[in-house]
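I'll drop the sequence and a predicted model, then ask my questions.
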Amino acid sequence: MRFLFIGGTGNISTACSKFALAQDHELWLMHRPGRPGIDGAHDLCCDINNDDEADIVQKLRGHYFDVVVQFIGFTPADVERDMRLFRGRCDQYIFISSASAYAKPTRYEPTTERTPLDNPRWQYSRDKIAAEQVLHDQADEPNGLTYTIVRPSHTYDSVILIPIGGWTDFTAVDRMRRGQPMIVPGDGTTLWTITHAEDFAQGLAGLFKNTQAINEDFQITSDEALTWNEIYRLTAEAAGVLDPKLVHIASDLLVAWNPDWEGTLLGDKSHTALFDNTKLKTAVPDFEAKIPFTEGIKKTIEWFDADPARSAPSAETNTQIDQILEAYANMSAKAPLR
């Protein structure tokens, strides 16, 4: 089959690209000029979110794809543009949304695709919900775009899953290696589902041209749930640190110090995230997440360590963490190190 991945070289999408190529599909990547491609894939170099739409139409001239996967769409406007670009140019359009769109806290545990979508604390999630609605609204139109919505949750490969000082920032790991304390939002006991990008890729590929995926939504996660304390300790262990210094601070306090964290903490990571993947496993019977966090995080740390630029800490992040820890210590008789 012939695929176009919009993005295709990021944290989740790189593994998806490699999986598609390993299955001998013809893969095209639409990404910004100057960004490294992937061996075996064809490049359509443009910035879909900033280039003139007429120029993108010219680059797409003569192309038709079995599947187009949108990894870097975030708003209703992005999806509306994609409908203009790909209606008549593909059999299936897949929009990568986010499990952060699900309402939290919820009475529907574990989360399924029928859990309501609502996140008043995070604009990112609200934009994803609105983008999904654009697809739903056009489904019955005579020339509607055939779509599938996919919601990943905390999927990793080239990112560190720690909320403060992590993701593409290596500061959290660097601090733990130097024996400096790290902040854990809340008491660290909330359960959170962890999925490696290579496992996600298998589930995504199973939805390509799958008749059960037509105009449907799916969450793709593993069945591995860890507490935040375990996530921090296993990350530290992968980095060679056996006794990390963890300071637990209420998420409300952290958001008071940095309002930008409201969405990711109070709108997402402060709540239990467990998922029922029955719908996916019915449509893709051979789907099985096989990479445990203990194994996957070691590969991630090795990837960061292989490049000094990737593993360099951020002075700004370090200063912010130190300032919060100092303020918290002044508020408490004793800041608990655990």
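Looks like it came in fine.

So the closest residue to Cys45 other than its chain neighbours: helix, strand or coil?
Of all residues not flanking Cys45 in the chain, Pro33 sits nearest, at 4.5 Å (Cβ to Cβ, 6 or more residues apart in numbering). All C-beta spots, glycine's among them, are computed from the backbone N, C-alpha and C. Three-state assignment for Pro33 (DSSP: H, G, I helix; E, B strand; the rest coil): coil.

Just want the phi and psi numbers for Pro33.
As for Pro33, its main-chain torsions (degrees, to the nearest 10) stand at phi -60, psi 140.

Can you report how many residues neighbour it?
Pro33 sits with 9 neighbouring residues when counted by other Cβ atoms under 10 Å.

Can you name the residues that contact it?
Cys45, Cys46, Asp47 (Cβ atoms under 8 Å, 6 or more residues apart in numbering).

Can you tell me which of these end up in helices?
With DSSP state H as the criterion, helices contain none of those.

nearest to Glu141, of the residues you listed?
Cys46 (27.0 Å; Cβ to Cβ).

mind giving me JSON lines with the contacts of Pro33 and columns for pLDDT and neighbour count?
Output for the contacts of Pro33, formatted as JSON lines (pLDDT from 0 to 100; neighbours: other Cβ atoms under 10 Å):
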{"residue": "Cys45", "pLDDT": "92", "neighbour count": "14"}
{"residue": "Cys46", "pLDDT": "93", "neighbour count": "19"}
{"residue": "Asp47", "pLDDT": "93", "neighbour count": "15"}
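
Could you check the pLDDT of the nearest residue to Gly88 once chain neighbours are set aside?
Distance criterion Cβ to Cβ, 6+ apart; nearest residue to Gly88, sequence neighbours excluded, is Asn143 at 7.5 Å. Asn143 carries a pLDDT value of 86.

chain center to stretch 170-190, what's the gap?
21 Å (Cα atoms, centre = their mean, to the nearest Å).

which parts of it are buried?
With burial defined by 16 or more other Cβ atoms under 10 Å, the residues of stretch 170-190 counted as buried are 170-177, 180-186, 188, 190.

Strands along the protein, start to end?
Along the chain, counting by DSSP state E, strands occupy 2-6, 26-31, 42-45, 65-70, 90-96, 147-152, 155-156, 182-185, 191-193, 195-196, 216-220, 225-227, 246-249.

Please name whichever of the ones you listed is nearest to Gly263.
Nearest to Gly263, of the strands of the chain and by Cβ to Cβ, is strand 182-185 at 12.7 Å.

what are the pairing partners of the closest one, and which direction each?
strand 246-249 (parallel) (DSSP bridges).

average model confidence for the strand it pairs with?
98.

again, but for stretch 295-310
98.

what's the answer for stretch 85-101, then?
Here the average pLDDT along stretch 85-101 is 97.

Distance from the chain centre to it, please.
In terms of Cα atoms, centre = their mean, the centre of stretch 85-101 is set 16 Å apart from its chain centre.

Convert that stretch to PDB, retaining C-alpha atoms only.
This file holds the C-alpha atoms of stretch 85-101, laid out as PDB (Å, rounded to 0.1, in the frame of the first residue of the first chain):
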ATOM      1  CA  LEU A  85      -6.100  18.800   0.600                       C
ATOM      2  CA  PHE A  86      -6.800  15.100   0.800                       C
ATOM      3  CA  ARG A  87     -10.500  14.700  -0.200                       C
ATOM      4  CA  GLY A  88     -10.100  12.700  -3.400                       C
ATOM      5  CA  ARG A  89      -6.500  12.000  -2.800                       C
ATOM      6  CA  CYS A  90      -6.700   9.100  -0.200                       C
ATOM      7  CA  ASP A  91      -8.900   6.200   0.800                       C
ATOM      8  CA  GLN A  92      -8.500   6.700   4.600                       C
ATOM      9  CA  TYR A  93      -7.500   9.800   6.600                       C
ATOM     10  CA  ILE A  94      -6.300   9.000  10.200                       C
ATOM     11  CA  PHE A  95      -6.200  11.800  12.700                       C
ATOM     12  CA  ILE A  96      -3.900  11.300  15.700                       C
ATOM     13  CA  SER A  97      -5.800  12.900  18.600                       C
ATOM     14  CA  SER A  98      -5.100  12.400  22.300                       C
ATOM     15  CA  ALA A  99      -6.400  10.400  25.300                       C
ATOM     16  CA  SER A 100      -6.100  13.700  27.300                       C
ATOM     17  CA  ALA A 101      -9.400  14.600  25.600                       C
END
